[in-house]
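[1] pasting the sequence and the predicted coordinates here, then a few questions.
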Amino acid sequence: MATRASTRRRTVRTDWRAVLRRALRRSSELTGAVVLFAAMVFLALALVSYHQTDPSASTAAGGEVLNWMGPAGAWMSERVLFLFGPVSTLLLPLLYVFARKLWRLVEEEDGLSEHSDQRWWAPIGMLVFAMALICTVLSLVFTGPGGSLPASMGGISGLLGAKAITSLAGLLPEAAQGWAILAAALVCLVAGSVIAGRVFAFDWATLLTLPKALGRHRLALPDRSRPEADRRAAVDPDEQDGPPLPRAPLPAGPARKAPEIVDPTSPAKPARLVGAKRQKDLFEQFELPSLDLLADPPPNTGQKIDKLSLERNARLLETVLD
């Protein structure tokens, strides 16, 4: 009894630990999803309201902050544009996708959606590499100042990539340098577009749906392609409010032809039962013995055995056995 009670107590303690662990994981996933959603909105508003005169890491302005998100938005937008230029807007859908994935993890644990085994950190590295390639192309195309941008159209990553390509092209003859830079720019553009396309090749129909935990159910619209009678029949009578409405009679169609039943004149033939083949006689090729076998045996003409010889043989056997 003591062993059974201790085992039960240990099981209850283990269940509480599992419940606590699951609750912590669930709360962290929900918190992470909300934080990523908020970061996406914050970054989008900060990029839209970016001003060159706002105080940041690349400016020493001390005036009023014109960014909608305040000093933090001014610093964040300046750093993002400094690294990747206008291409940094690709970070917004990535933040949304990650936030939606965190929310889907909670729905998968609750059984509201199917399980999806997706990687997390690989898309970040691929997207950063694709953004660097596209920024390199922009820096090669727009060689002048980037207006109010902190580091031209391609950002610092594009400037570094363009510098590397021009340095390698400088090793070639002067006549081939322009063609080499053009070919490298085309390769970077195609590679960056393909990699970015692979990163964002998500199931957007699923990602753009509202979370099921919000309790918003889309009302099903009637299908106009089906007849009125079919749509009425598809509605459950228990789900209707109020007394049942009288249904309109269906239009009478053409009369159906009665089926013809043919009575055969000749009776049905009985089934022929095919019996199994007879087994051959086991003694078909055996010849019986002749009747001479029943005749009396001939008289014994051999030597008669006397009693003395039998006793002698018996003593001899006794001596051998002893």
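    Ah, there it is. Numbers count the residues shown, from 1 in each chain.

[2] rest of the way, CA atoms for contacts and neighbours
    Noted.

[3] low-confidence ranges, this structure, go.
    1-14, 61, 107-120, 146, 202-254, 260-268, 270-281, 283-284, 301-302 (pLDDT under 70).

[4] let's see it at 50
    For the chain, the stretches flagged by pLDDT under 50 are 1-2, 5, 12, 204, 215-231, 233-239.

[5] give me the neighbour count for residue 181.
    Here the number of neighbours of residue 181 (other Cα atoms under 10 Å) works out to 20.

[6] which helix or strand contains it?
    Assigned by DSSP states H and E, residue 181 belongs to helix 174-199.

[7] give the other helices and strands that that helix contacts.
    helix 121-141, helix 155-169 (3 or more Cα pairs under 8 Å, 6 or more residues apart in numbering; DSSP states H and E).

[8] now do the buried residues in it.
    177, 180-182, 184-185, 188-189, 191-193, 195-196, 199 (16 or more other Cα atoms under 10 Å).

[9] residue 63: which of the helices and strands packed on helix 174-199 is closest?
    helix 155-169 (24.9 Å; Cα to Cα).

[10] who's in contact with stretch 17-35?
    Applying Cα atoms under 8 Å, 6 or more residues apart in numbering, the contact partners of stretch 17-35 are 98, 99, 100, 101, 102, 103, 105, 106.

[11] buried sites along it?
    Of the residues in stretch 17-35, 26, 29, 30, 32, 33, 34 count as buried by neighbour count, 16+ other Cα under 10 Å.

[12] same check, this time on stretch 293-305
    Buried residues in stretch 293-305 (16+ other Cα under 10 Å): none.

[13] export the helices and strands packed on helix 174-199 to TSV and tack on distance to residue 85 and mean neighbour count?
    Formatted as TSV, the helices and strands packed on helix 174-199 follow (distance: least, Cα to Cα, whole Å; neighbours: other Cα atoms under 10 Å):
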stretch	distance to residue 85	mean neighbour count
helix 121-141	7	21
helix 155-169	4	19
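
[14] dump those helices to a markdown table, plus distance to residue 47.
    Formatted as a markdown table, these follow (distance: least, Cα to Cα, whole Å):
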| stretch | distance to residue 47 |
| --- | --- |
| helix 121-141 | 17 |
| helix 155-169 | 14 |
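
[15] out of these, which gets nearest to residue 65?
    That would be helix 155-169 among the helices and strands packed on helix 174-199, by Cα to Cα, at 22.6 Å.

[16] tilt between that closest one and helix 174-199?
    140 degrees (axes from the mean of the first three to the mean of the last three Cα atoms, to 10 degrees).

[17] and the angle for helix 155-169 with helix 121-141?
    Counting by the same axes, to 10 degrees, helix 155-169 lies at 70 degrees to helix 121-141.

[18] check which helix or strand covers residue 105.
    Using DSSP H and E, residue 105 falls in helix 91-109.

[19] now do the buried residues in that helix.
    Result for helix 91-109 [16+ other Cα under 10 Å]: buried residues 91-92, 94-107.

[20] residue 166: which of the buried residues of helix 174-199 is nearest?
    Distances from residue 166 to the buried residues of helix 174-199, taken by Cα to Cα, are shortest for residue 181, at 6.7 Å.

[21] and the longest helix along the chain with helix 91-109, angle?
    Longest helix in the chain, counting residues (DSSP state H): helix 2-48. Orientation of helix 2-48 against helix 91-109 (the same axes, to 10 degrees) gives an angle of 160 degrees.

[22] format the buried residues of helix 174-199 as TSV; extra columns: distance to residue 63.
    Listed next are the buried residues of helix 174-199 as TSV, based on distance: Cα to Cα, whole Å:
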residue	distance to residue 63
177	46
180	46
181	42
182	43
184	43
185	40
188	40
189	39
191	42
192	39
193	40
195	41
196	38
199	40
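
[23] which one of the helices and strands packed on helix 174-199 lies nearest to residue 287?
    helix 121-141 (93.1 Å).

[24] helices and strands around the closest one, which ones?
    Taking 3+ Cα pairs under 8 Å, 6+ apart as the contact cut, helix 121-141 packs with helix 70-84, helix 155-169, helix 174-199.
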